[in-house]
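Undergrad: just coords:
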């Protein structure tokens, strides 16, 4: 199984914390966020992970050299940012023969068992599965509408007047067919460009576990205080 770990963001909202440290290497306790993700992906049975990089990439390259064991890691340096959807499109040949693949925003912190996402996607016949959570400030998120069966019936990225507090958690399972929906614009974003095209074709999986976007200094500091990971076998 293959997964994208989207880690190329500059982290402007986190400055000055990210002036000298890329977001994915910010420590949560004694462990960089990147390692939390890679360990979770390994537990979920992911064999190969593609990590895209842009900001301070040499620090990430050096850190990855210290890791041993699975999953196998590929890095993709983006001199010019492709955007989250653009990265998927650019590497479509890597996943085109897969039944489905996974994609994750690396700047989120969660103890969600990724095996639940895999099982949920396999249990349905939708082209995509997105994870959702209840957001305190949905106007800063991608707002998701679902019907009684869990099918996504509406999506709006950072709406000024959100219709609900159900928000995109940035963890996905995609069939390769969804890559045909990503146009050639650069950068291209999953929230702004791809998910609106998957209305009626994606299922939503609600999180019942810890989840936090660490995109601001206050959110990062809160996450460090709160973090108590589950012990998963």
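TA: Cool, the structure landed. Everything quoted here is computed from the prediction, not taken from an experiment.
Undergrad: how close does residue 41 sit to residue 155?
TA: Relative to residue 155, residue 41 is positioned 25 Å away (C-beta to C-beta, to the nearest Å). The C-beta positions use only the backbone N, C-alpha and C, and glycine is treated the same way.
Undergrad: Now the residue of the chain most remote from its centre. Its backbone dihedrals?
TA: Distance from the C-alpha centroid of the chain peaks at residue 148, with 25.0 Å (C-alpha atoms, centre = their mean). Reported as degrees, to the nearest 10, the phi and psi values for residue 148 are phi -60, psi -20.
Undergrad: contacting residues around it?
TA: Taking C-beta atoms under 8 Å, 6 or more residues apart in numbering, we find residue 148 in contact with no residue.
Undergrad: pLDDT score assigned to it?
TA: Predicted confidence (pLDDT) at residue 148: the value is 93.
Undergrad: try residue 10
TA: For residue 10, the pLDDT comes out at 80.
Undergrad: State the distance from it to residue 19.
TA: 10 Å.
Undergrad: If you count surrounding residues, which of these two has more?
TA: Remark: of residue 10 and residue 19, residue 10 carries more neighbours, 14 against 10, as counted by other C-beta atoms under 10 Å.
Undergrad: ok so, going back, give me the distance between the residue farthest from the centre of the chain and residue 123.
TA: For residue 148, the distance to residue 123 equals 17 Å [C-beta to C-beta].
Undergrad: same deal with residue 132?
TA: 17 Å.
Undergrad: which of these two has more neighbours?
TA: The neighbour count for residue 132 versus residue 123, taken as other C-beta under 10 Å, is higher for residue 132 (24 against 10).
Undergrad: Which element, helix or strand, includes that one?
TA: Counting by DSSP states H and E, the element that carries residue 132 is strand 128-134.
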